[in-house]
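Visitor: fold the following, please.
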Amino acid sequence: MNREGELESGTARSSEDGGFRTPASTLQNMNEKPIEESPSKEDPKRVEFKENDPGNPLLWPSWKKWMIIIVISTTSTMVTCTSSVVSTAYQGIERDLGISHEVAILGLSLFVLGLGFGPIFLGPFSEFYGRRPVYLISLTVYFLFGFPVAFANNAPVFLIFRFLTGCVGSAFLTVAGGSISDLYAPQDSFFPMAIFTSSPPLGPVIGPVFSGFIVQYTTWRWSFRVIIIWSFVQLMFVIALAPETYAPHLLIDRARKIRKETGDDSYYTQHERELAEKSLTKTVAISSSRVFLLLALEPMLFLLCLWCAILLGILYLFFELFPIVFAKHNFNDFENGLSFLGLGVGVVSGVILMKFWYAARYKKLVEKLGEKPAPETRLSPAKLGAFLCPISLFIFAFTSYRNVHWIGPIIGSIPFGTGFLLIYCSVFTFITDNWKQYAASGMGAHSFLRSIFAGAFPLFAVQMANRLSTTGAAALLAGLNVLVVPLPFVFARYGPRLRAKSKYSQG
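Guide: Numbers count the residues shown, from 1 in each chain. Sure thing, here's the model as predicted:
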């Protein structure tokens with residue numbers, strides 16, 4: 001592996017060693033007795049996991065793995081949910097802070113932009129410090145930054161801390177996928193990863209539901225106070241139930257304990273020696289620059305990221321369109337929030353499809369081939385999602401008239417939620433399969449581009465609806481999605497040829 005590749009190998013490995021590898025500090029808490037030495041066969045002083053080693057996260061009991069997955073997934077949902085709670089609170093924010101509607105929308109856009117910028121710079125931190133410290137620090141700061149938002153008396157404080165909260169929240173999202181892959185071999189990771197990858201898209205859908213209820217019966221500030229309470233609860237869950245999972249750092253902790261118990265300082269791990277040759281500042285600089293390099297030099301990555309960016313932009317544009325559509329039916333704030341349940345049903349339906357259709361199909365294919373299939377196999381769910389999204393938008397467009405029952409556009413939004421989830425999961429796993437040791441930069445590019453679109457789309461939603469009508473706006477978006485329907489089919493057919501010409505692809 002070249003030196004640049006090694007800079008990411010700790011944070012984003014996704015082939016035979018389970019996607020992302022695993023850190024350090026909680027093995028000592030699992031065993032009260034001294035840790036048994038586990039030297040390498042090649043070098044007796046190099047500490048490695050033995051066969052059937054209970055300290056290896058891949059061999060942890062299923063209940064423990066799922067406990068970690070649930071904690072990480074619910075925390076990821078909380079982070080992305082924070083982005084959209086503002087969408088039902090605009091009137092109160094505009095009144096109390098003395099700002100226009102366009103400025104209030106920045107409360108949504110800046111948070112989402114923060115989610116996109118964070119991964120560019122924060123990805124390598126877990127390689128140096130492990131996943132658990134990143135979780136604890138980011139969630140603690142996230143919790144503290146919630147107070148200036150909830151109690152802001154002026155727009156600059158509100159908007160600045162919305163952006164900063166998004167940045168620190170992104171640190172959790174950046175590392176979380178790695179923890180899931182630390183726990184499972186590739187052939188067993190698909191459903192757990194689908195559960196995790198569904199949690200960030202589900203968050204923005206949940207936000208307006210509970211925020212609408214709160215705003216209807218109290219004030220907009222309580223929407224953000226509830227987020228403060230929720231983030232504190234999740235922080236407690238992470239402290240109590242989410243141990244370190246990054247294998248290289250678990251081995252570092254083991255080596256330290258062996259050195260302390262034996263008095264022999266010659267015990268080491270391979271990761272320790274690699275880190276000794278690295279600078280965090282240089283690693284961050286290389287990793288962040290590679291994000292833009294991959295977008296510029298990898299057309300497959302750019303187009304897939306652009307596709308997801310458009311879809312997430314449309315999802316966030318819905319936070320402006322839905323209130324306009326349902327104002328025709330005299331919906332209040334709470335009812336406006338409930339209108340997003342259609343999207344939620346769609347996302348959950350996508351998870352079910354991934355479990356009972358694609359995950360089982362993929363596992364059978366692995367067993368049949370006796371090896372991991374080509375990365376293009378990961379795009380199969382996206383083929384279905386490519387059709388569902390424009391169909392959903394057309395249904396939404398032509399049921400958004402005043403004389404059509406309000407259930408029409410809600411039903412119309414369900415296929416979009418399903419299609420979005422299928423495409424999101426497909427692209428996520430395709431990137432980690434195809435770019436392997438550069439997957440951290442690939443996912444950083446994915447996060448950056450989609451956050452740019454998600455932050456920008458709500459800013460022109462109202463003007464778009466006023467000029468084109470909600471029907472025209474949704475139909476235009478549907479037409480745009482029709483243009484990208486061939487994308488997963490083209491990549492499935494010509495992907496191997498494109499990968500062969502790629503400098504960074506390793507699929």
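Visitor: only C-alpha atoms for contact and neighbour calcs from this point on.
Guide: Will do.
Visitor: separation between Q463 and A473?
Guide: Separation of Q463 from A473 (CA to CA, to the nearest Å): 10 Å.
Visitor: with R132 instead?
Guide: 44 Å.
Visitor: find the least confident helix or strand in the chain, judged by mean pLDDT.
Guide: helix 27-30 (a mean of 34; mean pLDDT, DSSP states H and E).
Visitor: and the next element down the chain from it?
Guide: helix 62-84 (DSSP states H and E).
Visitor: report the distance from that following helix to the chain centre.
Guide: Distance of helix 62-84 from the chain centroid (CA atoms, centre = their mean, to the nearest Å) equals 11 Å.
Visitor: helices or strands next to that helix in the packing?
Guide: Helices and strands touching helix 62-84, by 3 or more CA pairs under 8 Å, 6 or more residues apart in numbering; DSSP states H and E, are helix 101-122, helix 155-182, helix 190-217, helix 220-241.
Visitor: need the contact partners of whichever helix or strand comes after that helix.
Guide: Going down the chain from helix 62-84, the next helix or strand is helix 90-97, by DSSP H and E. The contact list for helix 90-97, computed with CA atoms under 8 Å, 6 or more residues apart in numbering, reads I99, S100, H101, A104, I105, N153, N154, A155, T219, W220.
Visitor: from L483, how far off is the closest residue to the last one other than its chain neighbours?
Guide: The reference is to W220. Counting by CA to CA, 6 or more residues apart in numbering, W220 lies nearest to A89, which is 5.2 Å off, once chain neighbours are set aside. As for A89, its distance to L483 is 35 Å (criterion: CA to CA).
Visitor: if we can go back for a sec, among the helices and strands packed on helix 62-84, which is nearest T418?
Guide: Ranking the helices and strands packed on helix 62-84 by proximity to T418 (CA to CA) places helix 190-217 first, at 10.2 Å.
Visitor: next, the angle helix 62-84 makes with that closest one.
Guide: Orientation of helix 190-217 against helix 62-84 (axes from the mean of the first three to the mean of the last three CA atoms, to 10 degrees) gives an angle of 40 degrees.
Visitor: buried residues in helix 190-217?
Guide: In terms of neighbour count (16 or more other CA atoms under 10 Å), helix 190-217 has its buried residues at 190-216.
Visitor: equivalent analysis for stretch 455-470, please.
Guide: Buried residues in stretch 455-470, defined by neighbour count with 16+ other CA under 10 Å: G455, A456, F457, P458, L459, A461, V462, M464, A465, S469, T470.
Visitor: determine which two of the residues you listed are furthest apart.
Guide: G455 and S469 (21.5 Å).
Visitor: does Y184 sit in a helix, a strand or a coil?
Guide: coil (DSSP: H, G, I helix; E, B strand; the rest coil).
Visitor: check the gap between the residue nearest to it when sequence neighbours are not counted and F237 for me.
Guide: Leaving aside its sequence neighbours, Y184 sits nearest to L58 (CA to CA, 6+ apart; 5.4 Å). L58 sits 21 Å away from F237, going by CA to CA.
Visitor: R131 contacts E244, doesn't it?
Guide: Yes. Using CA atoms under 8 Å, R131 is in contact with E244, at 6.2 Å.
Visitor: between the two, which one's more packed in?
Guide: Taking other CA atoms under 10 Å, R131 and E244 do not tie; R131 has more neighbours (29 against 23).
Visitor: phi and psi next, for the more buried one.
Guide: Main-chain torsions, R131, degrees, to the nearest 10: phi -80, psi -40.
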